[in-house]
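Peer 1: next come a sequence and a model predicted from it.
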Amino acid sequence: MAGKIRKILVTGADGFIGSHLVEQLLLEGYDVRPFVFYNSFNSWGWLDTFPAKVKRSLDVFAGDIRDPHGVKKAMRGCGAVMHLAALIGIPYSYHSPDTYIDTNVKGTLNVLQAAKELGVSRIIHTSTSEVYGTAQFVPITEEHPLQGQSPYSASKIGADQLALSFYASFGMPITIVRPFNTYGPRQSARAVIPTIITQIAQGAKVLKLGSLHPTRDFSFVTDTARAFIAAFRSPKAIGEVINFGSNFEVSIGDVARTIAEIMNSKVKMTMDNARVRPVKSEVERLWADNTKARKLTDWIPEYAGLAGFKRGLTKTIKWFKESGHLAQYKSHLCNM
């Protein structure tokens, strides 16, 4: 089925993972309609950094995922949709939770309803490892309990359950891709790896960070982009929730030390209270079991283990140091 689909709508295409996914889909010969957030600057987000020839070839739709009419119009003529559009900043969700419900839950409902009415042949919905909360056992399988430890994660749990309900109720060909912590070029400054890299690159000798002890399972962004396509192509993935992670656990403190080592910088670390989550909201441990992904999609991370993580970090650091990129980040501010 996936082999016959050429036109794919990608929501959130202007963002970090979305722009890399668009890139990979184009490389593999798909016809992509990127859905970007409408704004008065006519900005396509990270798609604006694509070569001019590629940009001219893009069938971009500027809209708002919260509006069902625009979503349906964008989806017309597409055989598949990969839904990545979402609000993802956890601190922002503490003071503006309504926007997370509107965007993440209602936005997902708009995508699902449009896909149902238009008879779209394949739907890939994006989840997040944050829905698991602090690990009750490791590595985390898809059977792990869901714990909404922030308004953000609660909104994603709601969106995931909506997607599963459309599969159960209407037999729609839906797969839920659940990436663990993705990193790489173009990532938002709100994330920890860009925070560390930009502070060091701009000469900081004392890094201002949040909690250093929590652990995460990091995936390089090209591995995550390949995960979406692998799930899309696998008939066995329909109706399934699938973890995509590297199966490698590392603490935030060790991440900072590894980056400093790669960048040949001697730095100290201090905990900035503005960057620390409330105690019960902090997700202390995330570590993916990717067995199901390997079995159902044949996906294997190319940047696995400590060696793979260091390769991915080296590529990310190189990108940040390239002309113009660092200037787009405000390392002295705590980005929410």
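Peer 2: Nice, thanks for sending it over.
Peer 1: give me the element residue 35 is part of.
Peer 2: Assigned by DSSP states H and E, residue 35 falls within strand 31-37.
Peer 1: export the following helix or strand past that strand to PDB, keeping only CA atoms.
Peer 2: Where DSSP H and E defines the elements, the next helix or strand beyond strand 31-37 is helix 52-57. The C-alpha coordinates for helix 52-57 follow below in PDB (Å, rounded to 0.1, in the frame of the first residue of the first chain):
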ATOM      1  CA  ALA A  52      16.500  27.500  -3.800                       C
ATOM      2  CA  LYS A  53      15.800  24.800  -6.400                       C
ATOM      3  CA  VAL A  54      14.300  22.500  -3.800                       C
ATOM      4  CA  LYS A  55      12.100  25.300  -2.300                       C
ATOM      5  CA  ARG A  56      10.700  26.200  -5.700                       C
ATOM      6  CA  SER A  57       9.600  22.500  -6.100                       C
END
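Peer 1: quick check: buried residues in helix 52-57?
Peer 2: Neighbour counts over helix 52-57 (16 or more other CB atoms under 10 Å) mark no residue as buried. Where C-beta positions appear, they are placed from N, C-alpha and C, glycine not excepted.
Peer 1: again with stretch 165-176
Peer 2: 166, 167, 172, 173, 174, 175, 176.
Peer 1: before we move on, what about stretch 5-24?
Peer 2: Buried-residue list, stretch 5-24, by 16+ other CB under 10 Å: 5, 8-24.
Peer 1: do the same with stretch 40-59
Peer 2: 44, 45, 46, 47, 50, 58.
Peer 1: starting at the chain centroid, how far to that stretch?
Peer 2: 20 Å (CA atoms, centre = their mean, to the nearest Å).
Peer 1: do the same with stretch 141-153
Peer 2: 16 Å.
Peer 1: now swap in stretch 203-214 and tell me
Peer 2: For stretch 203-214, the distance to the chain centre is 23 Å (CA atoms, centre = their mean).
Peer 1: re the thing from before, residue 230: which of the buried residues of stretch 165-176 is nearest?
Peer 2: Proximity of the buried residues of stretch 165-176 to residue 230 (CB to CB) peaks at residue 175, which lies at 10.0 Å.
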